[in-house]
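[1] no FASTA, just this:
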């Protein structure tokens, strides 16, 4: 049996039991097509397959490569590219090969790109309050007409209330979600079609207006979502490192240690990672320098599980994850949907 | 001729003329073995080959994979792993295959690892003020004796004054570098050997105590180093994106645009990237939302060159870079030293 002590560090670990509980909790709350799992968080078809086994056959993607990879893995029943692209020729080839692909559009140009690229189904992306992609709610109906005039099937609307995911107070998060979704539902009325797609891990329980939720982080989690008290999901993702250097306390400076995890194995946009029983001082390319609560308890060669602050960009830095049961390595999970 | 308009975005661009000027400027200041280029910044053997053609045959690495890749590319004349590792068996195999590998050690355990792993040459890593790896200066001589007692060749000392790289005032940077290097030179006297290795792009000109400088960022640069006024290097690295969405000004809110570059194509530990002629609002996994100075000048489909804040973790997110001459693509540069 391979154990985590045999792995080259840094290495991404996925704790099997925590993953299983997260998947079960979400699938129980949002069964089948009520959840459209977002693969951008894990970028891993092996993990998507577990989500499919939990009853979800519709998926959300952020990149063309994710769409291609999911289709090639036999998970192409209903793929939504929830992002604008202006050259859809690669998506058209995925459709031609037999997968179902729906593309988000928010402009005349993206509608033309769908038509020209061979994508037959679109969804109107509506700005519900996060200043990013999406048309103004009042423009949604007109864009749907444009799309139909070009022979495209319009399946409905999507709108991402991403700015609400980490609102700490659940009542405030629900209230603001309602404001966003009121706009989306109205746009959906003007657009037609069956789908009202929105949400994420932070709003999966309070967004009762969308008929499908695009959550992804719930499966593996991170410390940013972990700080949202009402979410029932557990940290399942860890970066495993090896303690490579330690400096004892001296001249009033506390002792510190260094683990071989750094900016190249951690997404840093949400800030520093969390170490167990210690405080992070700073991160370098290949190092986290931290102060252990009990310096003498930390030895060179120790393996340490560090908790990343943001799951998505952390995983994008790794070629593979390791599914583990405690210290035992169960399976390699290739991060096979990276790149563009 | 392929142009940047043919590239799938996001894509990393390296402007050939700026790279050539950066390489020439550095090689003129620190010719031959006075520079030991650090490959961790670019992780690219094709770029290391350009540095070798500029006269440098000694290189610095941060990971075992970098050492292996450099040796396999025929650039293994003198590789320094400037980082502690506790299992050197892979390094020993590189030595056996004919490359010269020197490993940094800062403890009895890392010395034992060198001996056990088949690495015959080491350098004593000394803490000169950055709280990370490195022994106390007073311990360096004793560690060198330990290493020699185990049959290892001790080539000298290294110490990284990394906390000084971005000190804005050059006189202050020189003064603090002198304090750090005084410790390193004293440790070097106790250790013996020929090498006093230190420095980086920020201190390459003011560190006159080390006899070799481990600079890496100078070749491609980033906005953090670009803000250091006395450095003569130019931004040569850009992330190319496509404008995929734009929202016109309305109700007192200025217009904004979205480019398909995000947390998965940008190192974020030094903060947001810089866009030309505009202000970045925020970054998401696959998006930068920004406010152009002239909204009407930005059109869907436009290609935009974004300047990353930190070169090393940005490159680690990409499979390849594209060497360009303006809009013309000259050559693909695989980022072939990623991973561990």
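    Received, thanks. Here the structure is a predicted model, which means the values were calculated and not measured.

[2] any residues touching the helix ranked longest in chain A, and which ones?
    Counting by DSSP state H, the longest helix found in chain A is helix A:170-191. Residues outside helix A:170-191 that contact it (Cβ atoms under 8 Å, 6 or more residues apart in numbering or on different chains): A:124, A:126, A:128-129, A:137, A:140-141, A:143-144, A:154, A:156-159, A:161, A:164, A:167, A:196, A:198-199, A:202-203, A:206-207, A:209-210, A:229-230. Where C-beta positions appear, they are placed from N, C-alpha and C, glycine not excepted.

[3] Nearest residue to the most centrally placed residue in chain A in space, please, no chain neighbours.
    What sits nearest the mean C-alpha location of chain A, by Cα atoms, centre = their mean, is residue A:41, with 2.3 Å. In space, and not counting its chain neighbours, residue A:41 is closest to residue A:216: 3.4 Å by Cβ to Cβ, 6 or more residues apart in numbering or on different chains.

[4] residue contacts, that neighbour?
    A:37, A:38, A:39, A:40, A:41, A:42, A:60, A:200, A:201, A:312.

[5] now with 6 Å?
    Residues near residue A:216 by Cβ atoms under 6 Å, 6 or more residues apart in numbering or on different chains: A:38, A:40, A:41.

[6] For residue A:163, see how far away residue A:128 is.
    9 Å (Cβ to Cβ, to the nearest Å).

[7] Give the residue from the two that has the larger number of neighbours.
    Neighbour count, other Cβ atoms under 10 Å in any protein chain shown: between residue A:128 and residue A:163, residue A:128 has more, with 25 against 16.

[8] Surely the more buried one is within a helix?
    No - using DSSP: H, G, I helix; E, B strand; the rest coil, the assignment for residue A:128 is coil, not a helix.

[9] Verify the stated contact: it with residue A:159.
    Yes - between residue A:128 and residue A:159 there is a contact under Cβ atoms under 6 Å: 3.7 Å.

[10] In contact with the residue nearest to the centre of chain A, which residues?
    Here residue A:41 is in contact with A:216, A:217, A:311, A:312 (criterion: Cβ under 6 Å, 6+ apart).

[11] Quick check: the last one touching residue B:286?
    No - using Cβ under 6 Å, residue A:312 and residue B:286 do not qualify as a contacting pair, with a distance of 9.4 Å.

[12] Checking stretch A:306-318 against chain B, do any of its residues make contact.
    Yes - Stretch A:306-318 lies within reach of chain B by Cβ under 6 Å from any Cβ of the partner chain, at A:312, A:313, A:316.

[13] hey, where'd the helices end up in the stretch 151-300 of chain A?
    A:170-191, A:223-226 (DSSP state H, counting those that start in this stretch).

[14] where exactly do the strands run in the stretch 1-150 of chain A?
    For the stretch 1-150 of chain A, the strands defined by DSSP state E, counting those that start in this stretch cover A:11-15, A:58-61, A:78-81, A:101-105, A:121-125.

[15] Mean neighbour count, distance to chain B and mean pLDDT added to the ones you listed, as a markdown table?
    Listed next are the strands of the stretch 1-150 of chain A as a markdown table, based on neighbours: other Cβ atoms under 10 Å in any protein chain shown; distance: least, Cβ to the nearest Cβ, whole Å; pLDDT from 0 to 100:
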| stretch | mean neighbour count | distance to chain B | mean pLDDT |
| --- | --- | --- | --- |
| strand A:11-15 | 22 | 8 | 98 |
| strand A:58-61 | 26 | 10 | 98 |
| strand A:78-81 | 24 | 11 | 98 |
| strand A:101-105 | 29 | 10 | 98 |
| strand A:121-125 | 27 | 8 | 98 |
